[in-house]
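In: Provide a 3D model corresponding to the input given below.
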Amino acid sequence: MSFFVDIVTEDSFYENLTLGVVKLLEASPCVRHVKVERRSACDRSALSSWEQRHCCLLPEDFKSFYASIDGFSLTWSLDIAGEEFPIGRMVINEFAALKRFVGTKEQQAEAENKNQDDLSEVPSQGPRCKLFEIDQCGPSKVFLVYHVRPEGDNEPGIWLHYEENGDTWYHLSKSFTKYFRMMLVHLGLPMWQYCALGLPLSTWVEQAYYLVGPHLLPNTVKPRESLSLSLWKDGPSNTVDPTIFKSRDSKQKNSRKK
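Out: Below is the predicted model:
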């Protein structure tokens, strides 16, 4: 998401950040109470302290995001026959919640016993990976994964740890920006990470997709062009431009002085 502007109002910032998804949801006849929680920027010193404490460099897009807003939350409810169900959820946790995940001793020992090649890209709960939980998807967890190499840590990726069928890892995204865009495209529908990976969904979750985003299900016929489709296929460049965050930071500081 690249924006080249000098002054960014809070309204336009969130509209640009969400790429019009709020208006799309509000236009749906069965969606109610679309709410975006507005947050202040994360202190840059906290970002530096985190990197020093964990000996990891945060990806630039990840750092730029938190330098603008300390997490993200968009929720909505589904209206079925006059009854509302709060099922829509797009969440990026606040930065303070980005803590290292350490498995149990049994899990770590099991990871070591697998004797996986050190160059393997598949994460593990052993010492060769640093795992930071960024979200949950049902019983599964979503991690920012750093592979520990002798020559130094490489760029982290985002993975889903799927525990329903053994200890299985699925790669979701190479970057935080793409992960955020995937979340927008899937409209915050339940278990959207499973849907993106083609993993099985429960019947009630599939029904929610049929009502709000049927084209997102892999076993349905793709409809005509829609906003959510164009966001994924033909949308604007998904590169977070730090200049928009700096503009918003300075504006927040000025408003506090008044």
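In: alpha carbons only for contacts and neighbour counts from here, please
Out: Noted.
In: what's the closest non-adjacent residue to Leu58?
Out: Glu51 (6.7 Å; Cα to Cα, 6 or more residues apart in numbering).
In: burial check on that neighbour, number of neighbours?
Out: Glu51: 13 surrounding residues under other Cα atoms under 10 Å.
In: isn't Glu51 right up against Lys63?
Out: No - contact status for Glu51 versus Lys63: not in contact, 10.4 Å apart, counting by Cα atoms under 8 Å.
In: buried residues, stretch 62-79. List them.
Out: Neighbour-count burial for stretch 62-79, with 16 or more other Cα atoms under 10 Å as criterion, is recorded at 63-79.
In: and it, how far from the chain's centre?
Out: Centre-to-centre, stretch 62-79 and its host chain are 9 Å apart (Cα atoms, centre = their mean, to the nearest Å).
In: repeat that for stretch 145-160.
Out: On Cα atoms, centre = their mean, the centre of stretch 145-160 falls 18 Å from the chain's centre.
In: residues making contact with that stretch?
Out: Here stretch 145-160 makes contact (Cα atoms under 8 Å, 6 or more residues apart in numbering) with 56, 59, 118, 121, 123, 127-132, 140-144, 169-176, 179, 193.
In: those in strands, which ones?
Out: Among the contacts of stretch 145-160, the members found in strands (DSSP state E) are 129-132, 140-144, 169-173.
In: give me the element Lys35 is part of.
Out: When secondary structure is defined by DSSP states H and E, Lys35 falls within strand 31-37.
In: tell me the mean pLDDT over that strand?
Out: Mean pLDDT, computed over strand 31-37, is 96.
In: need the next SSE after it, C-terminal direction.
Out: Strand 31-37 is succeeded, C-terminally, by helix 44-54 (DSSP H and E).
In: helices and strands around that following helix, which ones?
Out: Helix 44-54 sits against no helix or strand, with contacts defined as 3 or more Cα pairs under 8 Å, 6 or more residues apart in numbering; DSSP states H and E.
In: so how far is it off the chain centroid?
Out: The answer for helix 44-54 is 20 Å, by Cα atoms, centre = their mean.
In: what comes up buried for that helix?
Out: 47, 50.
In: what's that helix in contact with?
Out: Identification of contacts with helix 44-54 by Cα under 8 Å, 6+ apart yields 57-58, 63, 67.
In: ditto for stretch 31-39
Out: So stretch 31-39 is contacted by 22, 25-26, 69-79, 84, 212 (Cα under 8 Å, 6+ apart).
In: mind listing what's buried in that stretch?
Out: 31-32, 34.
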